[in-house]
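**Q** No sequence on hand, only this structure:
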């Protein structure tokens with residue numbers, strides 16, 4: 001199943017969205033600031049690993065070409 005992330009502009013909009021989801025029978029999962037920071041950190045680490053991997057491949061290509 002896909003995930004939908006929504007960032008409301010204010011508390012009123014937040015309440016409206018949560019109430020609408022409840023009426024549809026969908027349980028919203030509200031993330032704390034710490035949880036959001038953890039997700040961002042994980043994404044940054046994953047991107048860093050990709051960039052390091054690309055740099056290593058580039059270096060190896062330069063050395064062997």
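**A** Good, I have the coordinates. These numbers were taken from a predicted model, which means no experiment stands behind them.
**Q** secondary structure element for the residue most central in space within the chain?
**A** In the chain, the centroid-proximal residue (CA atoms, centre = their mean) is residue 39; its distance is 5.4 Å. Assessed by DSSP states H and E, residue 39 sits inside helix 33-64.
**Q** Helix, strand or coil: sort out residue 7 for me.
**A** What DSSP: H, G, I helix; E, B strand; the rest coil gives for residue 7 is coil.
**Q** same deal with residue 28?
**A** coil.
**Q** so where's the chain shaky on pLDDT?
**A** The chain contains residues with pLDDT under 70 at 65.
**Q** repeat that with 90
**A** 1-5, 36-37, 39-65 (pLDDT under 90).
**Q** Report the residue ranges of every domain in it.
**A** Per the record, the chain has its domains at 1-30, 31-65, by automatic domain parsing.
**Q** Next, the buried residues of the shortest one.
**A** What it means is domain 1-30. Neighbour counts over domain 1-30 (16 or more other CB atoms under 10 Å) mark residue 18 as buried. Backbone N, C-alpha and C define where each C-beta goes, glycine included.
**Q** Just the terminal-to-terminal distance for it.
**A** 18 Å (CA to CA, to the nearest Å).
**Q** again, but for stretch 1-10
**A** 28 Å.
**Q** Figure out how far it is from the centre of its chain.
**A** Taking the mean of its C-alpha atoms, stretch 1-10 sits 11 Å from the chain's own mean (CA atoms, centre = their mean, to the nearest Å).
**Q** do the same with stretch 18-37
**A** With CA atoms, centre = their mean as the basis, stretch 18-37 stands 15 Å off its chain's centre.
**Q** And for stretch 41-58?
**A** The answer for stretch 41-58 is 16 Å, by CA atoms, centre = their mean.
**Q** Same question for stretch 37-45.
**A** 7 Å.
**Q** Identify all contacting residues around it.
**A** residue 31 (CB atoms under 8 Å, 6 or more residues apart in numbering).
**Q** No further queries at this time; thank you.
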